[in-house]
Each structure stands twice: as structure tokens, then as C-alpha cells.
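Colleague: Any chance you could fold what I've pasted below:
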Amino acid sequence: MKRTCIALICALALILTLTGCGAAQGDAAPQDNVPAEATPAEITPTALPPTPAATAVPTLAEGSHGADEAPFVRADSWFPEDAAPETPRDPALGYITSYECAQAEDERIGCFYIEPARLEAIRALPQDEKRIFNLVPLPGYAYDARYAHVLEALEANRSAMSIYYKAMAGELPAEDYDFDVDPDDYPLAKLSWYRDDFDKLPREWFELYEKGQEVMRLDSENTQKLASALTLEYDTAAAKALSKAGADVQVRKMTEVYDGKENVSYILFITATPEELWTLSETAGGLYMLNLYEDDLYALYDTPVWPEG
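Modeller: Coordinates of the predicted model:
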């Protein structure tokens, strides 16, 4: 459950989310100011770019989408309300940023972090044929000072999940935790999957869970808009830097409607042969998470944003 919960929260904030190569000097300022082991306090905030203007919410059949049509409509929830938690793969409860995940799980090839299975798939491709890849600039906007309150909420949620799983396993020392707690004092916790286990959970869990949900649930719309604006800023800066290095890159946009609200997300694509990627990995500045997707992702992000025209 930990990993599912964390992953879904990140997808909303990240998103996914979820789940690149940093920018070189000059245009890629957002990444350049972030040290290898960055923390929110170490990032100098800059002005937040304007959020793209919303368009009218269309009425579409579920799942309809086209390059010149109204936004893609997602009618289903990311996870059912009655979904049962699933056990995470490790006590750390998964990762709350792409940079965390890349450092822990991926292989480093020059400036690229690549998931081992995807790296194997890329190496199996014809090395001289062009393909479309996705790049995620690292460390990324999650460590930007403007996003610090969201990162703190995600950390609180992860800590709450750690306490929860230890409590379910009977591993919480009673003398170290306060079990004299009234769940009625924590209204957001009462909306959670965990209400059947309240008698096993200490006050510390309730306080951490409430702190995380105050941002992720109560302020989810603003969090989504902030993540979208920062993604556009960081992806565009990285695209400009990579373009100067000779790469064929695009920042593209997808607009979707969920629960009657319009959401805009951005993604950075690079068109290259695997041979060109390996060369770029040694010459480009910064860091990226490199992903290989099928063509449908490129089709979903159907509006080019940068370069203009």
C-alpha cells in the first residue's frame, strides 16, 4: 500500500506521474542550481511562470482524443476508494521524487539514468534508427523552493506509512509512541482506508497523515497547477540546453478533463537514434531520466509547446 499510495500521490503532484539529463549552463538555470543531494532549503526560488490559460471543458465520449480535438477525458479514478493497501517492496515505502527513484533503481549512463529493463530494450533496438524517447530533467522541480511545502507533505505521508506498517507488524514500542488519541480530532484520517486500524495507531501517525493530506487532498488543485507550471519551466530550460547541444527535442502538452476540471501536463521528448543517445550522454550537461515509450504517449501529448512553431 505504501508504494501504491506514494506513487499515486506523486502521480498527482508528479505524476504522474511518476515517474533525464540535467540542463547545461545558461538557459537551464533551474537544474544548474541544484546540488547532487539537493534539499528544498538549498534551492533559490524564482518567479513562477504563468499557468497556461484554461480552455472550456468539453463534452466528450470517454477516452476520445485526437490531435485537433478537444482534451482527452479520463472518466475513471486512479484507484478505487475501496482498494485494499498492498505491501511495498521495502521499508522505505517507495520514492517520492523521480531523482530518488533514479538513484536507487536505475543505471547511470553518462548524463542518463535508465531503468535496467528499458536500457536492455534500447540496446536491443537497431542502433541507427531514430526513435522517440522521453527525458525527465533531474533533480527536477521537486527540489525547487516553490515546491517545498508539497515535498514536506509527501515526506509526512511516507513517514506515516512507515509507522502504519510497523504498527500492523506489531513493531511499534508502546513506550515510544502516544496511543492515547481521539481519531475524531483528525477528520482527514477518518476519510482514509486506515479507519479500521485506528485502535492500533499512535498519535504520531495521525499527525503525520493529517499534515500530508492537508496539502495532497485539500489543496490538490493548486498542487497540480504548481507541478504543471514547474514542469513546463524545467522541461523548457532543459530542451533549450539540449537543442544547443544539437539534440532534436520538443516540449509537448496534454490537456485532459477529470471530474469536470481541466488539467494540463507537459513532457519533454527527444528524437534520436540509440547511437546518438550514447554520444549525447557523454557531451550533454546535467542529468536526465531517460524513458522509452510506445508512440501512443507522444500522440496523447498532442500540442507542441517548444520550440514554438
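
Colleague: Below-threshold pLDDT in this protein: ranges please.
Modeller: 1-93, 294-295, 309 (pLDDT under 70).

Colleague: which residues of it fall in helices?
Modeller: Assigned helices in the chain, in chain order: 2-13, 29-32, 98-105, 116-124, 148-168, 203-216, 220-244, 274-283, 295-300 (criterion: DSSP state H).

Colleague: Can you name every helix or strand that the fifth one contacts?
Modeller: In other words, helix 148-168. Judged by 3 or more C-beta pairs under 8 Å, 6 or more residues apart in numbering; DSSP states H and E, helix 148-168 is in contact with helix 2-13, helix 203-216, helix 220-244. C-beta here means a position set from N, CA and C on the backbone, and glycine is covered the same way.

Colleague: residues of that helix that come out buried?
Modeller: 148, 150-151, 153-154, 156-165, 167-168 (16 or more other C-beta atoms under 10 Å).

Colleague: now the angle from that helix to helix 220-244?
Modeller: Relative orientation of helix 148-168 versus helix 220-244 (axes from the mean of the first three to the mean of the last three C-alpha atoms, to 10 degrees): 110 degrees.

Colleague: between helix 148-168 and helix 203-216, how big is the angle?
Modeller: Computed by the same axes, to 10 degrees, the angle separating helix 148-168 from helix 203-216 equals 140 degrees.

Colleague: mind exporting helix 148-168 as CSV, just the C-alpha atoms?
Modeller: Output of helix 148-168 as CSV, limited to C-alpha atoms (Å, rounded to 0.1, in the frame of the first residue of the first chain):
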residue,chain,number,x,y,z
ALA,A,148,9.0,22.6,-0.7
HIS,A,149,5.6,22.5,1.1
VAL,A,150,4.5,19.7,-1.3
LEU,A,151,7.7,17.7,-0.7
GLU,A,152,7.2,18.1,3.1
ALA,A,153,3.7,16.8,2.7
LEU,A,154,4.9,13.8,0.8
GLU,A,155,7.6,13.1,3.3
ALA,A,156,5.0,13.3,6.1
ASN,A,157,2.8,10.8,4.3
ARG,A,158,5.8,8.5,3.8
SER,A,159,6.6,8.7,7.5
ALA,A,160,3.0,8.0,8.4
MET,A,161,3.1,4.9,6.2
SER,A,162,6.3,3.7,7.9
ILE,A,163,4.5,3.9,11.2
TYR,A,164,1.4,2.2,9.9
TYR,A,165,3.3,-0.8,8.6
LYS,A,166,5.3,-1.2,11.7
ALA,A,167,2.1,-0.9,13.8
MET,A,168,0.5,-3.7,11.7
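
Colleague: mind checking how far residue 268 is from residue 102?
Modeller: Relative to residue 102, residue 268 is positioned 15 Å away (C-beta to C-beta, to the nearest Å).

Colleague: again with residue 269
Modeller: The value you get for residue 269 to residue 102, if C-beta to C-beta is used, is 18 Å.

Colleague: That concludes my questions; thank you for your assistance.
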